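Asks: Structure, please.
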Amino acid sequence: MSVPRVLIIGIDGGTFDVIDPLVTSGQMPNLAALMKQGVRGVLLSTIPPLTPVAWAAMMTGCNAGKHGTYGFLEISPDSYRVRFLNGADVRAPTIWQMASEAGLRVGVHNFPWTYPPRAVNGYMLSGLDAPVFDGRIAYPKGLFEEVVAACGPYFDKLVPPRQRPYDVARLARQIAQTGNVARYLLRKHPVDVFGTVFSSADHVQHNFWHSRRQGSGNDEVEDVIAFAYQRIDAEIGRIVQECAGPETMVIIMSDHGAGPCKGGFNIDAWLTSHGYLSWTQPTSGGYGRLLGVLRRTIPGWLKERLRGRANAIKSRWIDSEFARRVNWPQTTAYCWSDYGNITINLAGRQGQGVVAGGEQYEAICRRLAEELMEVVHPQTGEPVVEKVLRAKDLYAGPHLPAAPDLVVMTNGLQYEIMTDIRTAGPRDEAEKGGLFPPPERQGLHRLEGMLVAAGPGVKTSAVIENARILDIAPTVLYACGLPRPSYMDGEVLTGLFRDEYLAAHPPSSVERELPVTGRSSGYAPDEAGQVEQHLASLGYI
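Replies: Numbering: from 1, shown residues only. Modelled structure (predicted):
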């Protein structure tokens, strides 16, 4: 069996804060061995450190102003309607496309932001943004059915986090099947560049950072986060041992880090109380209560029969709810992300914009930033907001007009930014809890992700500083003997490699303009509903 030149294994939400104690205690021997053989270092994520933004940056080497993705969704500037994004909205070339065009074979498995799958010189099985896992996620056609026939049920996309007791055995099967399918693909369909992602660490960190004892009976574990990392480490070991070789560069990386959540900050309530956001009517929460009643009363067989239709109805309702409930002629700013994306309701840009450009726009941005910086959490007594950043200082490129005007960074990213419009329906008054409601998640993303690399020319037992997720794409191209396109924001991580290797293989670049591609047509209504359900279960929307 031929082995890949580059093997990329993603740990979604992977952080050295969890990994290092487990490595020290001998509970992650495979990652420990790779660190000893190669290089480790913090991998700085994007701002915000949000899954689609970060993975798009990893695959393209570009900032969001060039790849065009600022979150899980976008709000139409004309109609204020909600549109859920997917991999087709990544509007810069990916490493999978570039390697394919250079004649290399590529294999992509379970990578976020790759739905619908693109035609590549090899194969692609989509990840997080796929609405469901069936034949639609696979290129070429028939690959999904082949994998299922060989490996059994493809992938358990969602282990329900709020189910009690939490199904630890199901979590273990999810992780094992990710590794099983990856190994099957590498053995059966060898490629030059292969990427796979383990998503389970992110899920359990969001839901169980503070309550780690989970499961029941023989399946109870003391620390479900440690359990997930140990299982992922075992799968990494199997993939590397069975499917890589001395000539393979192995890259283990995360899209962002993770850490504990201290509390919630309802930014919609804050914007409303400070006169920036106006509503057309009080929040009733009736839709959410109706969904709860239906979930409890409809039999399981009927739920399955109605699921596609219900998701389509739900998607249309959510799509219109935001536009309908906000009093746009009285609104100057609104938030559309749990990681602090704020847009100014600008005249001439938004359909019912009220803020004039020029000095009025600048004054609103300054005042918003100043007032947000004054917010203090009543329980912790510390500032809630650490920074309010301007889009023009964060992003550059042809898709800058789609960026939020401001990005709010909470103190150490330890406070969950919450909004009143959710996929479960609007929060009613009893749920809101004022400006500082109880958070919905126990763990949140951090900027500090992780990177471990080993292979030809890579240093031994070394540490790399100042590595960025933007640098992964050009580094993968370098490991494949391909030049870095000049439009990329990332650089080759030369600090990974020995001096003599770099001298023998000097990095190269090629002058190339960024291709500007069209927009995605989005999901069908039933697909959007499926995606909403999954993202809501993780607390993203």
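
Asks: hey, let's count contacts and neighbours off CA atoms from now on
Replies: Will do.

Asks: remind me which residues of the stretch 101-250 of the chain are low pLDDT?
Replies: The stretch 101-250 of the chain contains residues with pLDDT under 70 at 158.

Asks: give me every residue that touches the nearest residue to Ala57 once chain neighbours are set aside.
Replies: Distances taken as CA to CA, 6 or more residues apart in numbering place Leu470 nearest to Ala57, at 5.5 Å, with adjacent residues excluded. Leu470 sits next to 45, 57-58, 60-63, 489-491 when contact means CA atoms under 8 Å, 6 or more residues apart in numbering.

Asks: The closest residue to Phe111 other than its chain neighbours: neighbour count?
Replies: Of all residues not flanking Phe111 in the chain, Gly127 sits nearest, at 4.7 Å (CA to CA, 6+ apart). Look at Gly127: counted by other CA atoms under 10 Å, it has 27 neighbours.

Asks: do you know how far Gly127 is from Thr196?
Replies: Here Gly127 is placed at a distance of 9 Å from Thr196 (CA to CA, to the nearest Å).

Asks: same thing with Arg212?
Replies: Taking CA to CA as the criterion, Arg212 is separated from Thr196 by 26 Å.

Asks: was I right about Asp255 contacting Trp55?
Replies: Yes - counting by CA atoms under 8 Å, Asp255 touches Trp55, with 6.0 Å between them.

Asks: helix/strand/coil for Gly449?
Replies: strand (DSSP: H, G, I helix; E, B strand; the rest coil).

Asks: dump the residue contacts of it.
Replies: Applying CA under 8 Å, 6+ apart, we find Gly449 in contact with 13-16, 42-45, 253-258.

Asks: quick one: which of those is most hemmed in?
Replies: Asp255 (33 neighbours).

Asks: Could I get the full set of strands for the stretch 351-500 of the chain?
Replies: Assigned by DSSP state E, counting those that start in this stretch, the stretch 351-500 of the chain shows strands spanning 385-390, 406-410, 415-418, 443-446, 448-454, 462-463, 467-468, 484-485.

Asks: How many residues are close by Ala369?
Replies: Applying other CA under 10 Å, we find 19 residues neighbouring Ala369.

Asks: And the pLDDT at the nearest residue to it once chain neighbours are set aside?
Replies: Excluding the flanking residues, the one nearest Ala369 by CA to CA, 6+ apart is Val388, at 5.5 Å. The predicted structure scores Val388 at 98 on the pLDDT scale.

Asks: Please verify my assumption that Val388 contacts Met409.
Replies: Yes - at 6.1 Å, Val388 counts as touching Met409 under the criterion of CA under 8 Å.

Asks: Where does pLDDT dip in the protein?
Replies: Applying pLDDT under 70 to the chain flags residues 158, 281-321, 421-433, 518-541.

Asks: tell me the domain ranges of it?
Replies: Segmentation of the chain into domains, based on automatic domain parsing, reads 6-259+445-515, 263-440.

Asks: Go through those and pick out the most buried.
Replies: Ranked by mean neighbour count, these are led by domain 6-259+445-515 with a mean of 20 (mean count of other CA atoms under 10 Å).

Asks: what ranges do the strands span in the stretch 101-250 of the chain?
Replies: Using DSSP E, counting those that start in this stretch, the strands of the stretch 101-250 of the chain run over 106-111, 122-126, 138-139, 193-198, 249-253.

Asks: Distance from stretch 86-104 to the middle of the chain?
Replies: On the basis of CA atoms, centre = their mean, to the nearest Å, stretch 86-104 sits 18 Å off its chain's mean C-alpha point.

Asks: List the contacts of that stretch.
Replies: 56, 59-60, 62, 66-69, 72, 105-106, 108, 112-116, 120-122, 129-130, 191-193, 473, 476-477, 482, 514-520, 522-523.

Asks: Start and end of it, how far apart?
Replies: Terminal-residue distance, stretch 86-104 (CA to CA): 25 Å.

Asks: same thing with stretch 389-405?
Replies: Using CA to CA, one end of stretch 389-405 lies 8 Å from the other.

Asks: how far does it sit from the chain's center?
Replies: The mean C-alpha position of stretch 389-405 is separated from the chain mean by 19 Å, CA atoms, centre = their mean.

Asks: What of stretch 204-223?
Replies: Taking mean C-alpha positions (CA atoms, centre = their mean), stretch 204-223 and its chain are 23 Å apart.

Asks: Arg40 pairs with what?
Replies: Beta bridges link Arg40 to Val452, Val463 when assigned by DSSP bridges.

Asks: quick one: contacts for the residue nearest to Thr15 when sequence neighbours are not counted?
Replies: Nearest residue to Thr15, sequence neighbours excluded (CA to CA, 6+ apart): Gly257, at 4.7 Å. Gly257 sits next to 13-16, 45, 445-450 when contact means CA under 8 Å, 6+ apart.

Asks: Mind listing residues that contact stretch 505-512?
Replies: 478, 482-487, 492.

Asks: Looking at those, which is nearest Pro246?
Replies: Nearest to Pro246 among those is Tyr478, at 17.2 Å by CA to CA.

Asks: In the stretch 251-400 of the chain, what residue spans correspond to helices?
Replies: Under the criterion DSSP state H, counting those that start in this stretch, the stretch 251-400 of the chain carries helices at the ranges 267-273, 286-297, 300-325, 359-372, 391-394.

Asks: what residues does the shortest one touch?
Replies: Think helix 391-394. If you take CA under 8 Å, 6+ apart as the criterion, helix 391-394 is touched by 47, 400, 403-407.

Asks: repeat that for 10 Å
Replies: Outside helix 391-394, the residues that touch it by CA atoms under 10 Å, 6 or more residues apart in numbering are 46-48, 63-65, 341-343, 400-407.

Asks: How about the first one?
Replies: Under the criterion CA under 10 Å, 6+ apart, residues 274-279, 331-338, 340, 342, 368, 372, 375, 408, 416-421, 432-436 lie in contact with helix 267-273.

Asks: and with 6 Å instead?
Replies: Under the criterion CA atoms under 6 Å, 6 or more residues apart in numbering, residues 277, 418-419, 435 lie in contact with helix 267-273.

Asks: Then the fourth one?
Replies: Counting by CA under 6 Å, 6+ apart, helix 359-372 makes contact with Val388, all of which sit outside it.

Asks: let's number from 812 now, not from 1
Replies: In the new numbering, first residue 812, that becomes helix 1170-1183.

Asks: then that helix to PDB, C-alphas only?
Replies: Presented in PDB, the C-alpha positions along helix 1170-1183 are these (Å, rounded to 0.1, in the frame of the first residue of the first chain):
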ATOM      1  CA  GLU A1170     -18.900  60.400  10.600                       C
ATOM      2  CA  GLN A1171     -22.200  59.100  11.900                       C
ATOM      3  CA  TYR A1172     -21.200  55.500  11.100                       C
ATOM      4  CA  GLU A1173     -17.800  56.100  12.700                       C
ATOM      5  CA  ALA A1174     -19.400  57.700  15.800                       C
ATOM      6  CA  ILE A1175     -21.800  54.700  16.200                       C
ATOM      7  CA  CYS A1176     -18.900  52.200  16.000                       C
ATOM      8  CA  ARG A1177     -16.800  54.200  18.500                       C
ATOM      9  CA  ARG A1178     -19.700  54.600  21.000                       C
ATOM     10  CA  LEU A1179     -20.700  50.900  20.700                       C
ATOM     11  CA  ALA A1180     -17.100  49.900  21.400                       C
ATOM     12  CA  GLU A1181     -16.700  52.300  24.400                       C
ATOM     13  CA  GLU A1182     -19.900  51.300  26.000                       C
ATOM     14  CA  LEU A1183     -19.300  47.500  25.600                       C
END
